[in-house]
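[1] Give me a model of this one.
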Amino acid sequence: MKRYAEMVAEAHDTLIIGAGQSGLAVSWHLTRLGCPHQVLERARVAERWRSERWDSLAFQFPNWSLQLPGFAYDGPDPEGFSGRDAVADFIAAYAAASAAPVRCGVSVTRLSHDGDRFVLETSDGPMTAAQVVIATGPYQRPAIPAALAGQMGAAKQLHAMAYRNPAELPDGAVLVVGSGASGAQIAEDLMRAGRRVYLAVGSHRRAPRRYRGRDFMFWEFALGAFDQPLAQRTPGTVPPLLTGVDGGRDMDLSVLAAQGVTLLGRLAGAGDGRLVFADDRDASLARAEAEYDAFLAACDAHAQAAGLDLPPAAPRPPAAPLPTPLLELDLAAAGVGSVIWATGYRYDFGWVDLPIFADMTTRAEPLHQGGVTPAPGAYLIGLAWLSRRKSSVMMGMGEDAAFVAEHLAARRTTQRENDV
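    Below you'll find the model as predicted:
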């Protein structure tokens, strides 16, 4: 029989699950609102930055955008781009400077509700809380197409979150599936290491790293794009291709092709190591180029309307013609030893046993209004488009964190008044 102490759950006022930037931002606001709380972290602060990103990764936005509530980058290179470890260190420094009550090494395996308390099953034993904030972020479970992955022959397969550097891969060529920022950057990393690289291209958004002397992020805020509310989100919108490598520069797939990367169309089918690609590569590139031109035109219009004194646009070199795209690829014959799936992520809320999903069987998408869920006292933070486009941008999530913290504090006050 268990001892009595082992049967009694730890009781807390508020628990935040996850010590990444979003959970720490809520903690900062709760501290200033006088709300007692604790932050539970499965490993280390900013763990995903430390162990689920590749070695050469640089932050996609300039250092001046490293901002969290009450804390901002104050180093010597605001226009530069921090590497993976420096970003993790920035978040850890934030936790220390704000004296966040973080408890590391605690995994939460189930979150449920019993009466007026939330019940957490954790690696440190059972806990209860009057309120909980789920801050586990958007990058939870790799989204790998199982049917295609089962047809890759003998090639080693891994998701982008498990990729570290070219030396850890088997010898031979590499197929990267997915042309978002991760896929393009990993393809470039491999190409620079001398690997033969095939990149399967899908929908993507080409964007200028800098235009007329200002960073892409400046223009997105100036044009109001980052403040676009969830209700105005356009279906099918994809994030921009950006890189902070080498001090930040344009990420152009046509340039990668000129440097030796073989661009393919969308991966459409596979069977026993023989792959079929859609004949849509050139159409995808042309669509991205048209969107690029439209963005530059919007920047020019804003600069003129706002009377900004900016240098003129630099001339754009013509794109080199591409060879006819391959529509089939035999992995073994092409010497492909590895396949990297840069195909994004899905939510993994299987451990959340609360009525906050439209479908409790799949728990694929949580229901909420700005992070306030249908389960009173349960909140979400750090998800893409939580309230607006900038919700997943480090310097933009502070408003969401403040909203969640203030809602939580108001609910706590009401409950305490009702208990009197």
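[2] quick one, domains of this structure?
    The record's domain split for the chain, according to automatic domain parsing, is 4-140+347-419, 154-341.
[3] so how far is the first residue of the last one from its last?
    According to Cα to Cα, to the nearest Å, domain 154-341 extends 15 Å from its N-terminal end residue to its C-terminal end residue.
[4] one step back: present the domains of the chain as CSV; the columns should include mean pLDDT and mean neighbour count.
    Every C-beta, even on glycine, is put in place using the N, C-alpha and C of the backbone. Shown next, in CSV, are those (pLDDT from 0 to 100; neighbours: other Cβ atoms under 10 Å):
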stretch, mean pLDDT, mean neighbour count
domain 4-140+347-419, 94, 18
domain 154-341, 95, 17
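[5] out of the ones you listed, nearest to Ala147?
    The closest of the domains of the chain to Ala147 is domain 154-341. By Cβ to Cβ, the value is 8.1 Å.
[6] That closest one: how far from the chain's middle?
    Relative to its parent chain, domain 154-341 has a centroid offset of 16 Å by Cα atoms, centre = their mean, to the nearest Å.
[7] what's the answer for stretch 357-370, then?
    Its chain's C-alpha centre and that of stretch 357-370 lie 19 Å apart, by Cα atoms, centre = their mean.
[8] gap between the two ends of that stretch?
    First-to-last distance for stretch 357-370 - Cα to Cα - comes to 15 Å.
[9] I would like the residues contacting it, please.
    With contact meaning Cβ atoms under 8 Å, 6 or more residues apart in numbering, stretch 357-370 is reached by 346-347, 349-350, 352, 356, 373-374, 379-380, 383, 386-387, 400, 403-404.
[10] Just the ones of those in helices?
    Applying DSSP state H to those, the entries found in helices are 400, 403-404.
[11] could you redo these as JSON lines and give each row distance to Glu10?
    Below are the ones in helices among the contacts of stretch 357-370 laid out as JSON lines (distance: Cβ to Cβ, whole Å):
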{"residue": "Asp400", "distance to Glu10": "28"}
{"residue": "Phe403", "distance to Glu10": "28"}
{"residue": "Val404", "distance to Glu10": "23"}
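[12] Identify the farthest-apart pair in the contacts of stretch 357-370.
    Greatest spatial distance among the contacts of stretch 357-370 (Cβ to Cβ): Gly350 and Phe403, at 26.8 Å.
[13] where exactly do the helices run in this structure?
    Using DSSP H, the helices found in the chain span residues 4-7, 21-32, 47-51, 84-97, 146-149, 181-192, 216-222, 253-258, 281-306, 398-419.
[14] Now those helices in JSON lines, please, with extra columns for distance to Leu275.
    Output for the helices of the chain, formatted as JSON lines (distance: least, Cβ to Cβ, whole Å):
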{"stretch": "helix 4-7", "distance to Leu275": "54"}
{"stretch": "helix 21-32", "distance to Leu275": "38"}
{"stretch": "helix 47-51", "distance to Leu275": "30"}
{"stretch": "helix 84-97", "distance to Leu275": "31"}
{"stretch": "helix 146-149", "distance to Leu275": "8"}
{"stretch": "helix 181-192", "distance to Leu275": "16"}
{"stretch": "helix 216-222", "distance to Leu275": "33"}
{"stretch": "helix 253-258", "distance to Leu275": "18"}
{"stretch": "helix 281-306", "distance to Leu275": "14"}
{"stretch": "helix 398-419", "distance to Leu275": "41"}
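[15] and Val339, which of those helices is closest to it?
    Of all the helices of the chain, helix 146-149 sits nearest to Val339, with 8.0 Å by Cβ to Cβ.
[16] and the closest one, what other elements does it pack with?
    For helix 146-149, the packing partners by 3 or more Cβ pairs under 8 Å, 6 or more residues apart in numbering; DSSP states H and E come out as strand 267-271.
[17] Which residues are in contact with the closest residue to Gly202 other than its chain neighbours?
    Nearest in space to Gly202, with sequence neighbours left out and distances taken as Cβ to Cβ, 6 or more residues apart in numbering, is Arg266 at 4.8 Å. Neighbouring residues of Arg266 by Cβ under 8 Å, 6+ apart: 200-202, 277-278, 280-281, 284.
[18] switch to 6 Å and redo it
    The contact partners of Arg266, taken as Cβ atoms under 6 Å, 6 or more residues apart in numbering, are 202, 278, 280.
[19] go on, Leu241?
    181, 184, 204, 206, 251.
[20] 8 Å instead?
    The contact partners of Leu241, by Cβ under 8 Å, 6+ apart, come to 179-181, 184, 204-207, 251-253, 288.
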